[in-house]
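Asker: Quick one, fold the following:
(2 chains)
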Amino acid sequence: MSVPMYNKQNSLGTPPPHKTNPFSDSEGPSRAQSVPVRRTNQSVQELEDYAITKARETTHKVNDCVRAAEAIREDATQTMLTLHRQGEQIMRSHQVAADIEQDLTVSEKLLGSLGGLFSKSWRPKRNHQIKGPVSGNNYSATTANDTEQRGKLGIAPARQEYPSHVQTTPVSAMEKVQAERTKQDDALSDLCSTLGQLKEMAVDMGTEIDRQNKALVPLSDDVDELNFRLKGANQRGRRLLGK
Amino acid sequence: MGDHEGHGVDFEKKADQKLSGWGLFGNKYEEAADLLDRAGSFFKLAKNWSRAAAVYKKIADCHLQGDNKHDAASAYVEAANCYKKFSLQDAAQALNSAVNLFQEISRLNMAARYSKDIGEIYLQEQDLENAAVYLNRAADLFDSEGQSSQANSMTQKIAEIYAQLEKYQKATELFEEIARKSINNNLLKYGVRGTLLNAGICQLCRGDVVAINNSLERYQDIDPTFSGTREYKLLADLAASTDEGDVGKFTDAVKEFDSMTRLDPWKTTLLLKAKNELKKKEEDEDDLT
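Answerer: Numbers count the residues shown, from 1 in each chain, chains lettered A, B, ... in the order given. You can find the predicted model right below:
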């Protein structure tokens, strides 16, 4: 039975070319084949060290991802606060517009009653009734017990329990790699829950922006109507002063 | 520069003449206020802030004589802006006059805004007691105007100040109140875990382990998802380390949390206080043995 070329190379102690990962089987035979034990220039110790280093690198990268996700979550939380404030401002602006309309109605009555005995009576033109803001807080309609009820029903997201790490110092390389894997699992679990929350936040942001867009339409209409009526009142005032 | 100053002085003199003369036609106070306003603008261009501030205070007096409180309040605000360039204390006083006038004419939103400004001035000056007073006033005014998000952010600041003043019980109550208000709102509920962490840290500074553990249970009632957060884990670990009197464990818990979410200066300061208290206890126990 002829020994393949790469086996000969390996037995001579020269590693196969372009092979960065000592665990890679891409150039070797399929795992099903029985391969004679081959000596490499890398000792088991070196391979174990390599495995541990790689595991630590992976842990570090996963932690970086968690860190980034957390930073995004913080920013998103601030954005939510800003959106809430913006929603309130829209409501307030609309309320002020409604208040201005009441004052304008009084002014129109006064302007109508002014003028000489023979002057033509003046009635202000109106396109539509100013309604003012739609009752607020329709965007905060989550019930406090919702999560609790979902939990009782058995559909709440699984609560992330933090494993109580009994700090036994790993001895063998395998244990060290396993410890790193546990850390990675914890970090990925964190990442998963943070991303889930980010998705929820994105949905809530979308809903709120949609609500604000809808609230801006009647506000815009009411401001246009106010503008129209104010121009009419100014015209009446000018006419009276011109007499 | 000198030219601007000269123009300012001229207008101020004219205004003084107007005030000392007889106002037969028109309102002498109104006319004097107009002249002083122009003088103030020139003093600002000349960067003579003290003179400009004095002029704006005169304008406020003129408007008050003419019973025009809104313009008087606005003049006090202008004076405060000038005072800010050289004397924050005087700026705060001028703004306080403006706030009182805005409240008198029911412009509560403006009053709230400027109360907040006064609070921030006192914060800058490290006068935490006064800062808390004015921010509290701002929070009440914002609340009465239906601006709950602004009121909440003021309350948050007040709670942080109380914690710095070592009034931990009051701070904890305020943070918990904010959390309760926020949890039912789709937009604010995401900030609850941070608020509860702040409340927990305040409890920790009191050093009462039983109270801390009770709080953790209470926070679970406020936000059922809280026990799955890293904030909860941090508080639980800190409570355990405080109970055991283990400074090392305390430091490790803080370090682990900070490696993911950087702790802000306020939290760092309070956690350091808690750690020092723990160290003291540990040293006292060592002395006894």
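Asker: which ones are touching residue 204?
Answerer: Here I'm looking at chain A. A:Asp204 sits next to A:80, B:186-187 when contact means CB atoms under 8 Å, 6 or more residues apart in numbering or on different chains. In this view, the C-beta of every residue, glycine as well, is placed from N, C-alpha and C.
Asker: um, chain B though
Answerer: By CB under 8 Å, 6+ apart, B:Leu204 lies in contact with B:212, B:235, B:238-239, B:242, B:270-271, B:274.
Asker: Among the contacts of A:Asp204, name the ones in helices.
Answerer: A:Met80 (DSSP state H).
Asker: tell me the mean pLDDT over the helix or strand encompassing A:Val217?
Answerer: A:Val217 is part of helix A:173-242, with elements assigned from DSSP states H and E. Helix A:173-242 shows a mean pLDDT of 88.
Asker: same question, stretch A:124-133
Answerer: 76.
Asker: again with stretch B:135-155
Answerer: 89.
Asker: Mind checking if that stretch is in reach of chain A?
Answerer: Yes: against chain A, stretch B:135-155 shows contacts by CB under 8 Å from any CB of the partner chain at B:145-150, B:153.
Asker: my read: B:Asn109 touches B:Glu145, true?
Answerer: Yes: B:Asn109 is within contact range of B:Glu145, at 5.2 Å (criterion: CB atoms under 8 Å).
Asker: Test my guess that B:Tyr114 contacts B:Leu101.
Answerer: No: counting by CB under 8 Å, B:Tyr114 stays clear of B:Leu101, with 9.9 Å between them.
Asker: which one of these two has more residues nearby?
Answerer: B:Tyr114 (28 against 25; other CB atoms under 10 Å in any protein chain shown).
Asker: now for the helix or strand encompassing that one, which elements pack on it?
Answerer: Following DSSP H and E, one finds B:Tyr114 within helix B:108-124. Contact partners of helix B:108-124 among helices and strands, from 3 or more CB pairs under 8 Å, 6 or more residues apart in numbering or on different chains; DSSP states H and E: helix B:69-83, helix B:88-104, helix B:128-144, helix B:148-164.
Asker: leaving aside the residues next to it on the chain, what's closest to the closest residue to chain A within the stretch 1-150 of chain B?
Answerer: Relative to chain A, the nearest point of the stretch 1-150 of chain B is B:Ser149 (4.3 Å; CB to the nearest CB). Nearest non-adjacent residue to B:Ser149, counting by CB to CB, 6 or more residues apart in numbering or on different chains: A:Arg85, 4.3 Å away.
Asker: the inter-axis angle of the helix or strand hosting that neighbour versus helix B:148-164?
Answerer: Using DSSP H and E, A:Arg85 falls within helix A:44-113. Following axes from the mean of the first three to the mean of the last three CA atoms, to 10 degrees, one obtains 130 degrees for the angle between helix A:44-113 and helix B:148-164.
Asker: what angle sits between helix A:44-113 and helix A:173-242?
Answerer: 10 degrees.
Asker: What helices and strands are in contact with helix A:44-113?
Answerer: helix A:173-242, helix B:148-164, helix B:247-260.
Asker: and those helices as CSV, adding distance to B:Ile201?
Answerer: Shown next, in CSV, are those (distance: least, CB to CB, whole Å):
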stretch, distance to B:Ile201
helix A:173-242, 21
helix B:148-164, 8
helix B:247-260, 10
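Asker: how about those, which one is nearest B:Phe42?
Answerer: helix A:173-242 (34.1 Å; CB to CB).
Asker: Could I get the buried residue list for stretch B:210-222?
Answerer: Of all the residues in stretch B:210-222, those buried under the rule 16 or more other CB atoms under 10 Å in any protein chain shown are B:211-213, B:215-216, B:219, B:222.
Asker: what is in contact with B:Asn109 and B:Glu145 at once?
Answerer: A:Arg92.
Asker: what residues does the stretch 101-250 of chain B put near chain A?
Answerer: Checking the stretch 101-250 of chain B against chain A by CB under 8 Å from any CB, the hits are B:109, B:145-150, B:153, B:183-191, B:194, B:224-225, B:227-230, B:233.
Asker: from the residues you listed, which would you call buried?
Answerer: Of those, these count as buried by 16+ other CB under 10 Å: B:109, B:145, B:147-150, B:153, B:183, B:185-191, B:194, B:224-225, B:227-230, B:233.
Asker: about what we covered before: which ones among the buried residues of stretch B:210-222 map onto strands?
Answerer: The strands, defined by DSSP state E, take in nothing from those.
Asker: and those as TSV, adding pLDDT?
Answerer: Listed next are the buried residues of stretch B:210-222 as TSV, based on pLDDT from 0 to 100:
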residue	pLDDT
B:Ala211	90
B:Ile212	84
B:Asn213	85
B:Ser215	90
B:Leu216	90
B:Tyr219	93
B:Ile222	91
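Asker: now, among those residues, which is nearest to A:Leu191?
Answerer: Nearest to A:Leu191 among the buried residues of stretch B:210-222, with distances taken as CB to CB, is B:Tyr219, at 23.6 Å.
Asker: where's the closest residue to the closest one other than its chain neighbours, which helix or strand?
Answerer: The shortest distance from B:Tyr219 to any residue other than its chain neighbours is 4.7 Å, reached at B:Leu196 (CB to CB, 6+ apart). Element membership for B:Leu196, per DSSP H and E: helix B:192-206.
Asker: Report the angle between that helix and helix B:247-260.
Answerer: 160 degrees.
Asker: which residues touch stretch B:80-92?
Answerer: B:44, B:49-50, B:52-53, B:56, B:94-95, B:98, B:117-118, B:121-122, B:124-125, B:130.
Asker: Now restrict those to buried residues only.
Answerer: Buried among the contacts of stretch B:80-92 (16+ other CB under 10 Å): B:44, B:49, B:52-53, B:56, B:94-95, B:98, B:117-118, B:121-122.
Asker: For A:Cys192, state which of those residues is nearest.
Answerer: Of those, the one sitting nearest to A:Cys192 (CB to CB) turns out to be B:Asp117, at 43.8 Å.
Asker: now check stretch A:179-196, is it near chain B?
Answerer: Yes: judged by CB under 8 Å from any CB, stretch A:179-196 comes into contact with chain B at A:190, A:193.
Asker: quick one: buried residues of that stretch?
Answerer: Neighbour-count burial for stretch A:179-196 [16+ other CB under 10 Å]: A:179-180, A:183-184, A:186-187, A:189-191, A:193-194.
Asker: Please verify my assumption that B:Gly119 contacts B:Lys157.
Answerer: Yes: between B:Gly119 and B:Lys157 there is a contact under CB under 8 Å: 7.4 Å.
Asker: Overlap in contacts, these two.
Answerer: Common neighbours of B:Gly119 and B:Lys157 (CB under 8 Å, 6+ apart) are B:Leu135.
Asker: Looking at the two, which is more packed in?
Answerer: B:Gly119 (27 against 21).
Asker: Check the gap between that one and B:Gln126 for me.
Answerer: 13 Å (CB to CB, to the nearest Å).
Asker: Please apply the same query to B:Trp266.
Answerer: 14 Å.
Asker: In terms of neighbours, single out the busier of those two.
Answerer: With neighbours defined as other CB under 10 Å, B:Trp266 and B:Gln126 compare such that B:Trp266 has more, 14 against 8.
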